[in-house]
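Asker: my questions are about this predicted structure, shown below with the sequence.
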Number of protein chains: 2
Amino acid sequence: MTLNKQFRLAKRPLGTPTRENWEFVTEAIPTPAEGQVLVQNLFISLDPAMRGWMNEGKSYIPPVGIGEVMRAGTAGKVVASQHPGFAVGDYVSGALGVQSYGLSDGKGLYKVDTNLAPLSTHLGLLGMVGMTAYFGLLDVGQPKEGETVLISGAAGAVGGLVGQIAKIKGCHTVGIAGGAEKCRYVVDELGFDACIDYKSEDLRTAIKAHTPKGVDVFFDNVGGETLDLALTRINLKARVVICGAISQYNNTSPVQGPSNYLSLLVNRARMEGFVVFDYTPRFREAVVDMVGWLKAGQLKNKEHQVEGIEAFPEALLMLFKGENFGKLMLALPEEA
Amino acid sequence: MTLNKQFRLAKRPLGTPTRENWEFVTEAIPTPAEGQVLVQNLFISLDPAMRGWMNEGKSYIPPVGIGEVMRAGTAGKVVASQHPGFAVGDYVSGALGVQSYGLSDGKGLYKVDTNLAPLSTHLGLLGMVGMTAYFGLLDVGQPKEGETVLISGAAGAVGGLVGQIAKIKGCHTVGIAGGAEKCRYVVDELGFDACIDYKSEDLRTAIKAHTPKGVDVFFDNVGGETLDLALTRINLKARVVICGAISQYNNTSPVQGPSNYLSLLVNRARMEGFVVFDYTPRFREAVVDMVGWLKAGQLKNKEHQVEGIEAFPEALLMLFKGENFGKLMLALPEEA
């Protein structure tokens, strides 16, 4: 008999999450009541933001409660439905959490067109990751043709897309990533103009060398020292887009604030945060662009799939160790 | 015989400037050549930004060179002219430095109307201080009626005006200042809704108590801990205006970066710097508003005048010790 496998939050982590923070539960697959739909998850998205959801306290969405299934973006197939909007066999994306089957009342669940792109792409490039890159760069960063865009976490899911979109918009695009292999990938596969290896290069010197005309947009996924050094290179009226701060999420000490923030004053620049959910009403416009670029071969979709839900605790940590290339996700077998 | 008294930068300070950083020079009053004008300075502006100009290195304007007269905003009277645009007896404002007489070729020198307001007012409320408050709040901060505006350095020249303008715009206005006397002044004389005494109150608790609806605009003159705590109270889409960071200017250690900057992400907020000189083409529009508010009694002009150019080194430090109420300036006798 097939069971529903789940990871539930057992206790809140201090620093890096360990196995102890999770409870692995197997239970009967639920049956949808009137108005509900049952989805078999085939892909589970792993994102840096998940670390924040594990903490107590106010943020842009409530934390995951102790004993609750861990929140995660998902893509899957409807296997039973008592909901007029969904039929068995429909492919859907949503946020059904780290479990192999999830019930939904339809809110936040979207049918996706697998003729447009494979299912997993709807969790990555056409999902939150793609929307984050698209709106963070274009709406918050507002790059203009010929400007220099610097991107931290350039080999990550969001960063890799941001650089590709910046290139499409005619910008000089410089990435920062950890390790020679990642930097090769960022330049050779994703088409960035340059990539700085923060593990082997002096970051201050390298940023300066690769941004001879300064930095007009800094898209930051990393925080810490990287943000601080980028601030020393910004141009007049530069935009610093705060997308994340993965270097700081597992801190047990306070977050490192950007000591060079007064560069914002000297350069009449702004630093701005955003949350992708705010752009929901405009997702369609982004999807149209992204699919167009994908079909035109201007955008590469890189996914890093890890097999099986059981790998969740270790796979999540790959994000913080910088071990993923592109969009990290769990791939679950359809025949479970 | 009357001499020109000057303070020149003798060496760059580490930390707080002392007498050693200055050379007091007396020399003959210069004679204007063709195209020049000689101004007797009657008021010399003392501003936090002067500390930055004493440092070496790139900023929004070049540093003052060693041996040069210290840069400062000034207001005075033309006493000799070989310039077609200025006549003896004209009142002017400009940046002729910390000296009793200054030569100018007319660039950056403006005739002022002393019927509109007394000469010193043109150095304060109608000068850079007023322009900084006006454009920093209205253009960068963009307060809307009913919003909460929090202001650090509220008893200072810029902060005091920012709060008054915010009140005129219908905002709930909360100041932060040091000491009971300053807080009384900020509330009773300037008309802020509340003022927090950071010297006697717990800043975190007090900010929370006085901003029950959160903070929509934080106008920061102070930096450090104050900025960090304000970030914990910002609302969705809040604007953090970086005008200065007086708590950090005399640091011998690195500037304290805002550890809570990720609040910008959670709240989709922005932190933005500005430099008043960028608004020069729009100064007239601000002056019209400011004079109107002044005449209508909606704006109070508070000046803190210290007598005599000889007081300069100590008077400058009053800014960093928080000893001034309103716009700090040196007042020089007309009969020197």
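Answerer: Thanks, I have it. Numbers count the residues shown, from 1 in each chain, chains lettered A, B, ... in the order given.
Asker: taking the centroid of chain A, which residue is nearest it?
Answerer: residue A:129 (4.4 Å; C-alpha atoms, centre = their mean).
Asker: how is chain A carved up into domains?
Answerer: Following automatic domain parsing, chain A resolves into domains at A:3-124+A:302-331, A:128-277.
Asker: using a markdown table, lay out the ones you listed together with mean pLDDT and distance to chain B.
Answerer: Where you see a C-beta, it was placed from the backbone N, CA and C, and this is true even at glycine. Formatted as a markdown table, the domains of chain A follow (pLDDT from 0 to 100; distance: least, C-beta to the nearest C-beta, whole Å):
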| stretch | mean pLDDT | distance to chain B |
| --- | --- | --- |
| domain A:3-124+A:302-331 | 95 | 5 |
| domain A:128-277 | 95 | 3 |
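Asker: most packed of these?
Answerer: Across the domains of chain A, averaging neighbours per residue (mean count of other C-beta atoms under 10 Å in any protein chain shown) puts domain A:128-277 on top, at a mean of 22.
Asker: run the chain-centre distance for that domain.
Answerer: With C-alpha atoms, centre = their mean, to the nearest Å as the basis, domain A:128-277 stands 15 Å off its chain's centre.
Asker: and the nearest residue to residue A:61 once chain neighbours are set aside, what does it touch?
Answerer: Closest residue to residue A:61 apart from its sequence neighbours, by C-beta to C-beta, 6 or more residues apart in numbering or on different chains: residue A:53 at 7.0 Å. Contacts of residue A:53 were listed using C-beta atoms under 8 Å, 6 or more residues apart in numbering or on different chains, and they are A:59, A:61, A:63-64, A:70-71.
Asker: repeat the analysis, applying 6 Å as the threshold.
Answerer: A:63-64, A:71 (C-beta atoms under 6 Å, 6 or more residues apart in numbering or on different chains).
Asker: look up how far residue B:235 lies from residue A:134.
Answerer: Going from residue A:134 to residue B:235 by C-beta to C-beta, to the nearest Å gives 26 Å.
Asker: what does residue A:154 give?
Answerer: Taking C-beta to C-beta, one finds residue A:154 at 32 Å from residue B:235.
Asker: can you check residue A:175 too?
Answerer: From residue A:175 to residue B:235 the distance is 34 Å (C-beta to C-beta).
Asker: ok, residue A:306 next?
Answerer: 39 Å.
Asker: how far does stretch A:134-143 stretch from start to finish?
Answerer: For stretch A:134-143, the first and last residues are 11 Å from each other (C-alpha to C-alpha, to the nearest Å).
Asker: show me the contact partners of it.
Answerer: So stretch A:134-143 is contacted by A:149, A:162, A:165-166, A:169, A:171, A:217, A:239, A:241, A:243, A:272, A:274, A:279, A:286 (C-beta under 6 Å, 6+ apart).
Asker: so which of the residues you listed are in helices?
Answerer: A:162, A:165-166, A:286 (DSSP state H).
Asker: circling back to that earlier point, any chance of JSON lines for the contacts of residue A:53, columns secondary structure?
Answerer: Formatted as JSON lines, those follow (DSSP: H, G, I helix; E, B strand; the rest coil):
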{"residue": "A:63", "secondary structure": "coil"}
{"residue": "A:64", "secondary structure": "coil"}
{"residue": "A:71", "secondary structure": "coil"}
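Asker: would you format the residues you listed as a markdown table with distance to residue B:107 included?
Answerer: Shown next, in a markdown table, are the contacts of residue A:53 (distance: C-beta to C-beta, whole Å):
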| residue | distance to residue B:107 |
| --- | --- |
| A:63 | 59 |
| A:64 | 62 |
| A:71 | 61 |
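Asker: of the residues you listed, closest to residue B:18?
Answerer: Closest approach to residue B:18 among those (C-beta to C-beta): residue A:63, at 51.3 Å.
Asker: where along the stretch 101-250 of chain A do the helices fall?
Answerer: Under the criterion DSSP state H, counting those that start in this stretch, the stretch 101-250 of chain A contains helices at A:119-123, A:128-135, A:157-168, A:180-184, A:203-210, A:224-231.
Asker: and of these, who's closest to residue A:20?
Answerer: That would be helix A:224-231 among the helices of the stretch 101-250 of chain A, by C-beta to C-beta, at 26.1 Å.
Asker: just to revisit the earlier point, report the two of the ones in helices among the contacts of stretch A:134-143 separated the most.
Answerer: Within the ones in helices among the contacts of stretch A:134-143, A:166 and A:286 form the most distant pair, 15.0 Å apart (C-beta to C-beta).
Asker: got the end-to-end distance for stretch A:2-20?
Answerer: Stretch A:2-20 has an end-to-end distance of 26 Å (C-alpha to C-alpha).
Asker: quick one, what contacts residue A:43?
Answerer: Applying C-beta under 6 Å, 6+ apart, the residues near residue A:43 are A:75, A:120, A:123, A:329, A:331.
Asker: who does it form a beta bridge with?
Answerer: residue A:75, residue A:331 (DSSP bridges).
Asker: now it: how far from residue A:275?
Answerer: Counting by C-beta to C-beta, the gap from residue A:43 to residue A:275 is 22 Å.
Asker: gap between the residue lying closest to residue A:175 once chain neighbours are set aside and residue B:111?
Answerer: Distance criterion C-beta to C-beta, 6+ apart; nearest residue to residue A:175, sequence neighbours excluded, is residue A:154 at 2.7 Å. Applying C-beta to C-beta, the value for residue A:154 to residue B:111 is 55 Å.
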